[in-house]
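Q: what would the 3D arrangement of this be:
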Amino acid sequence: MKIFVASGYGYWGNFNPSDLREGDHQIGGGETAMVSISRELAALGHDVTVFYDVGYFGMYDGVHYLPSNLYTPLVCQMEHDVLVSWDNPQAFRFADRAKLRVLAFQLNHTEVGALDYSIDMYFHPSKWHAERYHELYPEMDERKSRPRITNGIDPTRYNPATPPERIPHRTIYSSSPDRGLHHLLRIWPKVRMAVSDAELHVYYEIDKWLKMVDVMAPPEIVERARIVREFRANDPEAQGVLFHGGIGQAQLATEQMKSAVMAYPCDPTQPTEGFSMTCLEAVTAGCSLVTTDADALQELWADAPDVTILPLPVNDELWVNTVVKLLERDEARPLRDPVQYYWSTIAQRWVQEFLECLPTTPSP
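A: Here you go, the predicted model:
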């Protein structure tokens, strides 16, 4: 099949697809999913072209990357079997030459409207995400939705020749600060009172996030940013909290595998976690994950191994007791192998859906 992919992303800048495995800077979940699925579709023998402004245009892992400004002329003039847009319904405004049109969602808001008539399938990361969208956007034909289909993980990140040694009293947080870091910083001094050598390692581009908050953010996000700023300004290392900034995905996997606990008191100010790459990474890395029942987290992760789901609103005493108990646990925390979430597995599901919906035989 000849597959065109249109990106709706850009927050993390013009990275190269090879940076997912080799880079040393942070890349968002949407971009990761788009690049990873494209790579695996190409590995299955399909001709894949992605329109996204990478650092250097060319071929990466068998995928052609072309400038975004070439999307309109090429999609309107070149025959292709499947047109996939990631979180950008406006990609379907044009007189494209596709046989099948798919809108893949990562974000938790959209604007489809009359464009529903141009879209054949919607891919959602969870049932919660699909159900919420059909309530918010009744113009979306529910028969076109395919839930629990977009997200996965690269197992090579968690398969080193020599896995790092697990540090018993090490906790990690690696999601956006506005999703619950303020809760974790508030309770951390009490965790340290119970486990004197406990450490909390925070991995995220917090400075970039704070600049965005300063430009435009609702009051509740501004308040959370204030808490993070104040904690960082008051000798956080004395409390065993280390802010590392954003790092590459390979190094992040290493840091997760070192950690005993992933503490994620997810409490978004608006619907946010339609999947949670953070939770999948924690499960794969063998961390004891403690999180909340926000959004799709209960649906997707409640039955995963070594996962504790605590209810919202966040109860400080319950969270302190839970984190302390997990840090003091003696049992081994082995790495895990979630084959159902491999990008290669997810890509096979994509192809199956394409073939079932294509009106004619795809190109060789």
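
Q: where exactly do the strands run in the stretch 101-250 of the chain?
A: Taking DSSP state E, counting those that start in this stretch as the test, the strands found in the stretch 101-250 of the chain are 121-123, 145-146, 167-173, 199-202, 241-243.

Q: packed most tightly, which of these would that be?
A: strand 121-123 (a mean of 25; mean count of other C-beta atoms under 10 Å). Where you see a C-beta, it was placed from the backbone N, CA and C, and this is true even at glycine.

Q: what helices or strands is it leaning on?
A: Contacts defined by 3 or more C-beta pairs under 8 Å, 6 or more residues apart in numbering; DSSP states H and E place strand 121-123 against strand 98-104, strand 145-146, helix 343-357.

Q: save these as CSV, and put in distance to Leu312 too.
A: Shown next, in CSV, are those (distance: least, C-beta to C-beta, whole Å):
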stretch, distance to Leu312
strand 98-104, 28
strand 145-146, 26
helix 343-357, 29
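
Q: using CSV, lay out those together with distance to Ser18 and mean pLDDT.
A: Output for these, formatted as CSV (distance: least, C-beta to C-beta, whole Å; pLDDT from 0 to 100):
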stretch, distance to Ser18, mean pLDDT
strand 98-104, 22, 97
strand 145-146, 29, 96
helix 343-357, 15, 96
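
Q: most tightly packed of those?
A: strand 98-104 (a mean of 23).

Q: list the contacts of it.
A: 4, 33-34, 37, 75, 80-87, 89, 92, 112, 118-123, 150, 353-354, 357-360, 362 (C-beta atoms under 8 Å, 6 or more residues apart in numbering).

Q: hmm, Asp87 and Ala6 touching each other?
A: No. Contact criterion C-beta atoms under 8 Å: Ala6 and Asp87 do not qualify, at 9.7 Å.

Q: those two: which is more packed in?
A: Ala6 (25 against 20; other C-beta atoms under 10 Å).

Q: can I assume the more buried one sits in a helix?
A: No. Assessed with DSSP: H, G, I helix; E, B strand; the rest coil, Ala6 is strand; it does not lie in a helix.

Q: how close does the closest residue to Cys279 other than its chain neighbours get to Val307?
A: Of all residues not flanking Cys279 in the chain, Trp301 sits nearest, at 4.8 Å (C-beta to C-beta, 6 or more residues apart in numbering). Remark: distance between Trp301 and Val307 (C-beta to C-beta, to the nearest Å) = 5 Å.

Q: shared neighbours of the two, anything?
A: In contact with both Trp301 and Val307: 279, 283, 289, 291, using C-beta under 8 Å, 6+ apart.

Q: need the max-distance pair from those residues.
A: For those, the farthest-apart pair by C-beta to C-beta is Val283 and Thr291; their separation is 10.7 Å.

Q: so these two - more neighbours on which side?
A: Comparing Val283 with Thr291 by neighbour count (other C-beta under 10 Å), the higher total belongs to Thr291, at 26 against 23.

Q: so the more buried one is in which element?
A: Using DSSP states H and E, Thr291 falls within strand 288-292.

Q: so for Trp301 and Val307, which sits in the more crowded spot?
A: Trp301 (23 against 19).

Q: quick one: that one and Thr278 touch, right?
A: No. Applying C-beta under 8 Å, one finds Trp301 not in contact with Thr278, separated by 10.0 Å.

Q: with adjacent residues omitted, what lies nearest to Ala304?
A: Val283 is the one closest to Ala304 (C-beta to C-beta, 6+ apart), at 4.9 Å.
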